[in-house]
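Engineer: this one's structure only:
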């Protein structure tokens, strides 16, 4: 588990996964979840957010979460922040890194953040200044592969916004496929273009499996040179425009895929599967992950005397 | 819809999809389903099987189905047959092509077909002889990417069995990932090797999405030169060893992926999605398909005044 990973998976279930759940998970359970996740070998965990408790009541306890989790030197605990106020709260709570969000689509940004790009970039600059360089700031470009209101997003605009991100204080970038509109052809093109602006160590891809393409897009991005990927235990985290559809790329499904093709993730797949199987007791329903249901390919079954004709 | 397709998708829902359903769908409904499917542009539909009604009661009405469906010159209606008796029934019912099945894993073949490879190959030879060359025979190699009882399947054995298939009368080959054990690395290797024995027009890949890798494996096989793929409307069809897991690659999800990356399928995606949304009224439950829930990426939504923070 200690070799340099071939692919870096950032666990986002405690933030992006729980954010959309109708049940509010207690601080104690969130902390227990994060503590168990951080024992599985993750280098990065998005542990909570510091947004308005009115906007996201499920994550109103960011301070308590960050103050209670067991810190490990090997794990960067990331906090999502929308503005200066959020950055100040996250810094006070001891976050290791800030993650800022703005949408490539201005329509989505207005709906999601209540402001235009100029306002968001000012907020990023303020948040970055507040860190005084003590911790890094990652900036996520949401709807980077398509917006449910505007549709396709022009690559030139995406690249300009990333340049603005870097200019306004972001040290690394996440391209987020907020509502699962990416496809492998677009992903390959966009990753190659963005890698002209940031090194692969500073680029994260965040895919949703809304239309079943989450893992296809991860593979396309990896082939195009990307190294870092967000994923959520159990595939938790959804999209408000696709009720019933899958959410984030499922961590254990992605880790299983990587292991099957010989990519070292540095993660404990058996532990992840076991923990994912406990998610229904935390959020009240099973997630869309597949490996929790099917088990790994290496888990063989006893041969029956006779089964139904199958192919 | 008339240009030569870049990828050929064979619809297998009427056979592989319905085979495992606990409800027995009436002949009338099967015929209506196939007639609607054949209007969507498929060149190949696996319409039924001629196995023992005791083994697969859900498909005991193969004769009635083949005699009642509307024939189109553009569509090859395939019948699954396990032996000479099945071949004779399928020929009498007017099938356009026979599909024979044997497992690469002898343990699986004994459990599934009740015989060793020698017995299966003799059965293939008898079935092929019964056609007297009037219709072609496809031969499916089940568990070609792994067996739930034996585990990995040696490539040399797979290639020898395919050579035997061709020798015993098969004109085309399907490699089936019966219980979703394939991964893109293995798929690429195996497709390249098998394309040394059969031309791409004579090779079909049949993937199950048991561990979430169905579309990843389709893309890997296509990249390696494969052209023909099985898929099932709604993703119906499962695996008895992974209760609750996804079944076959979902037709409309695969067609959506192809359209998003600019591959012509020759199929009516809107029609497929509409028909898939009717499946719960036929089989009593929704399938695991994603696009039926999320809609296509091009279906935009009105922008709300303010939504929850998402990325």
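Structural biologist: Done, it's in. Keep in mind it's a predicted model, so treat the numbers as computed, not measured.

Engineer: Let me see the contact set for residue A:52.
Structural biologist: Taking C-beta atoms under 8 Å, 6 or more residues apart in numbering or on different chains, we find residue A:52 in contact with residue A:82. Bear in mind the C-beta positions are built from the backbone N, C-alpha and C, glycine included.

Engineer: correct me, but residue A:14 touches residue A:36?
Structural biologist: No. Counting by C-beta atoms under 8 Å, residue A:36 is not a contact partner of residue A:14; they are 10.6 Å apart.

Engineer: Of the two, which one has the most company?
Structural biologist: Legend: neighbour count by other C-beta atoms under 10 Å in any protein chain shown for residue A:14 and residue A:36, higher for residue A:14 (27 against 16).

Engineer: State the pLDDT value of the more buried one.
Structural biologist: Listed pLDDT for residue A:14 reads 97.

Engineer: Please report how far it lies from residue A:54.
Structural biologist: Distance of residue A:14 to residue A:54, given as C-beta to C-beta, to the nearest Å: 20 Å.

Engineer: Next: residue A:36.
Structural biologist: Residue A:36 is 30 Å from residue A:54, by C-beta to C-beta.

Engineer: what do you get for residue A:75?
Structural biologist: For residue A:75, the distance to residue A:54 (C-beta to C-beta) stands at 30 Å.

Engineer: Comparing those two, which shows the higher neighbour count?
Structural biologist: Set residue A:75 next to residue A:54 and count neighbours by other C-beta under 10 Å: residue A:75 wins out with 22 against 7.

Engineer: what's the closest non-adjacent residue to that one?
Structural biologist: Leaving aside its sequence neighbours, residue A:75 sits nearest to residue A:38 (C-beta to C-beta, 6 or more residues apart in numbering or on different chains; 4.8 Å).

Engineer: Over to residue A:49?
Structural biologist: Spatial nearest neighbour of residue A:49, excluding adjacent residues (C-beta to C-beta, 6+ apart): residue A:80 at 3.8 Å.

Engineer: Over to that neighbour: give its phi and psi.
Structural biologist: Geometry field for residue A:80 lists phi and psi as phi -80, psi 130, criterion degrees, to the nearest 10.

Engineer: What score does it have for pLDDT?
Structural biologist: Residue A:80 is assigned 97 on the pLDDT scale.

Engineer: Which strand or helix spans residue A:205?
Structural biologist: Following DSSP states H and E, one finds residue A:205 within strand A:203-207.

Engineer: repeat for residue A:164
Structural biologist: Counting by DSSP H and E, residue A:164 is found in helix A:155-167.

Engineer: Okay, angle between that helix and strand A:203-207 too, please.
Structural biologist: For helix A:155-167 against strand A:203-207, the angle by axes from the mean of the first three to the mean of the last three C-alpha atoms, to 10 degrees is 130 degrees.

Engineer: name the helices or strands packed onto whichever helix or strand comes after helix A:155-167?
Structural biologist: Remark: after helix A:155-167, the chain's next helix or strand is strand A:172-177, criterion DSSP H and E. Contacts defined by 3 or more C-beta pairs under 8 Å, 6 or more residues apart in numbering or on different chains; DSSP states H and E place strand A:172-177 against strand A:137-142, helix A:155-167, helix A:184-194, strand A:203-207.
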